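**Student:** Need coordinates for the below:
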Amino acid sequence: MDLEVLLADPAAAGIVVGVLALVLFGAAWHKFAEPNVFLSALAGYRLLPEPFLGPVTRAVPMAETALGLGLLLPATRNLALIGTAALLLLYAVSIAINLVRGRNYIDCGCGGAAHPLAWGLVVRNAILAAAAVAVSGPTVERSFAWLDMVTLILGVLAFYMTYLMADELMRQASRMARTEQSGQNGSSLS
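**Tutor:** The predicted structure is shown next:
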């Protein structure tokens with residue numbers, strides 16, 4: 001089956017939309033719950049002048065929440081998908097800029113336990129952005145059977161759990177690389 005045809009199926013598109021909404025809600029939750037941690041992470045990127053940090057710290061989780069809600073409403077879904085892709089690409093570019101600067105030690109600001117910057121985060125955000133764009137087109141008009149609903153729910157859960165596991169693996173890999181790097185630097189000083 002052609003990927004374009006698959007993504008035009010309402011159940012498959014619904015899985016992508018559901019996962020993206022959960023990703024956005026989870027990200028916003030962390031930022032709302034720990035605004036000072038997010039403010040510190042945002043400041044660590046050194047991309048914004050200091051007077052903008054406070055307002056942006058408040059605006060980003062509101063935007064993530066609004067986009068997540070927009071994804072769930074059919075009338076605003078396509079616009080929210082494009083907005084989600086743009087936000088994820090903005091995150092990817094911000095991370096890439098700091099990685100090129102050699103600033104892999106700062107926290108990504110994704111929420112939860114510290115997550116040092118890594119190229120995997122750039123790839124992750126680019127994949128999520130591509131998924132948002134891929135399902136922003138029209139879906140096939142067909143009836144939605146009970147099996148579609150089961151597929152949708154289980155698909156969202158499976159892909160979201162996969163996202164969380166991949167994120168934790170990237171977090172641990174970044175930490176291990178940092179520990180190895182600091183161990184090598186420490187041993188060269190002995």
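**Student:** mind checking the longest helix of this structure?
**Tutor:** helix 146-189 (DSSP state H).
**Student:** Low-confidence regions, the protein specifically.
**Tutor:** For the chain, the stretches with pLDDT under 70 are 1-7, 178, 181, 185-190.
**Student:** just the helices in it please.
**Tutor:** Using DSSP H, helices in the chain cover 3-8, 10-33, 35-45, 50-72, 77-100, 119-134, 146-189.
**Student:** between those, which one is nearest to residue 110?
**Tutor:** Shortest distance between residue 110 and those, using C-beta to C-beta, is found for helix 10-33: 6.4 Å. Every C-beta, even on glycine, is put in place using the N, C-alpha and C of the backbone.
**Student:** Show me which positions of stretch 35-55 end up buried.
**Tutor:** Neighbour counts using 16 or more other C-beta atoms under 10 Å place 37, 38, 39, 41, 42, 44, 45, 53 of stretch 35-55 among the buried residues.
**Student:** Next up, the contacts around the last one.
**Tutor:** Okay, so that is residue 53. By C-beta atoms under 8 Å, 6 or more residues apart in numbering, the residues touching residue 53 are 39, 42, 43.
**Student:** give me that answer again for 6 Å
**Tutor:** Residues near residue 53 by C-beta atoms under 6 Å, 6 or more residues apart in numbering: 42, 43.
**Student:** what's the closest non-adjacent residue to residue 91?
**Tutor:** residue 125 (5.0 Å; C-beta to C-beta, 6 or more residues apart in numbering).
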